[in-house]
Structures are given as structure tokens and as C-alpha cells.
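Engineer: Pasted the sequence and its predicted model underneath.
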Amino acid sequence: MVVADSCNDNTVQQARDTLGCFGEVVTCSVRSAGMARRLGVAAALSHFSDIDPNQLWLANTDADTFVPREWLANHLRFADDGIAAVAGIVKIDAVPGHSDELARAIMSDYAIASDGSHTHVHGANLGVRADAYLDAGGWSHLAVSEDHCLWRRLGLRGWAMAASAHSIVVTSGRLQGQARGGFADLLRRKLECLNGST
């Protein structure tokens, strides 16, 4: 399921060509990560309406993110162990116009505990079982921080959750994003702090 929110390039056609008959492209103009994700999940749940929600895993990522071949298998290993939601980590591929060393410096405060757990939540690397998703109320309509909002509600509802650095995706180090206050803005603020300290 690919959701194209307010796209004005060839995203929709490219997604349709790539998916063929093996998926669906949902188009919308909501300019909200939360609402776009919500629409995508609704379409997926409608498609799989004959399957018990506790047998469905909703794996979420972003268009500017590369997921490794074993990404889903990693999520499903947690599901097999009774975990209802997984928050993985992100690495950034590069920061346009800047050195790889600077990209590493920007993420230097990205803390991972010695046991591989962490406190980060990214919609680009978040999986949740459908019954837990529905019980928590699903994606909110927030334009940003929709991932933190869902994660918090899953915890409040008592679902078994794992924040694991063993689930890794590589996302864009772009400094300009569509969502004001999103990950690109965070990276830009970190870069400004680094430049200010040199």
C-alpha cells in the first residue's frame, strides 16, 4: 500500500508501475503524515477484511527510506514472540552538500542502550499488529509526531512493545521536508547547532 499525499511529481505513476497488481496506490491531498498513514492503513484493512486483525502486521515506512531485505522478517520475529508493536531506528544516508563525517556527527546523540533498546520512534520504521492498532485508535490526524502519538497510546493501552535497534532502516538526510517540524527540520537544527559550536 503506497499513499501519495499531495504529490506533484511522478510518484503515483512510478508506484503503480512498480506495484502492478501486487498493491494499491492511495492518492490524497491532506498534507498530514498522520492522516496519510491512516488512509493507507484503512485501505489495507479493507483489503484484508476477511483476516483476523490479530493476524495482520502493519509495517510502516516512508518514501525517502530504504528498508533492508530482512526488515519485515525482523518485525515478524517480534510478532511471533508476542510483541504487538515494534519501533526500530533510523540511520541517515547522507546530508546533501555535507561530508559523511558531519552526517555522523549530526546523529551522534542518537542514543542506543547496551541491550539494543532505545527511546526513538519513527514512522519510517514502525510496525504494529492490526488489533493493537485498532484498539489504540490508529494513526492520529497530526501532521508531525503522529508516530510518537500512536506509540504512546499503544503503551497506555498496555500492549507489548519493543523499541529495538535490531530493526534498522536508512532514511534521507535531506534538510528540507514537507512537514514543518518533521525529521528534516530536526536534522537542520542539529546541523545549525554543530555549525554554531565550531
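Structural biologist: Everything's here; your move.
Engineer: buried set for the top strand by length along the chain?
Structural biologist: Longest strand of the chain, by residue count under DSSP state E: strand 161-171. For strand 161-171, burial by neighbour count (16 or more other C-beta atoms under 10 Å) applies to 161-165, 167-171. Yep, even glycine has a C-beta here, placed from its N, CA and C like the rest.
Engineer: what does stretch 6-20 give?
Structural biologist: 7, 15.
Engineer: Stretch 53-72 too?
Structural biologist: 53, 56-62, 65, 67, 71.
Engineer: tell me the mean pLDDT for that stretch?
Structural biologist: Stretch 53-72 carries an average pLDDT of 96.
Engineer: again, but for stretch 23-38
Structural biologist: Here the average pLDDT along stretch 23-38 is 95.
Engineer: now do the same end-to-end measure for that stretch.
Structural biologist: Stretch 23-38 stretches 17 Å from its first residue to its last (C-alpha to C-alpha, to the nearest Å).
Engineer: Which residues outside it are in contact with it?
Structural biologist: Defining contact as C-beta atoms under 8 Å, 6 or more residues apart in numbering, one finds that stretch 23-38 is touched by 1-7, 12, 15-16, 19, 39-40, 43, 47, 60, 123, 138-144, 146, 149, 178-179, 182.
Engineer: So which of those sit within strands?
Structural biologist: 2-5, 60.
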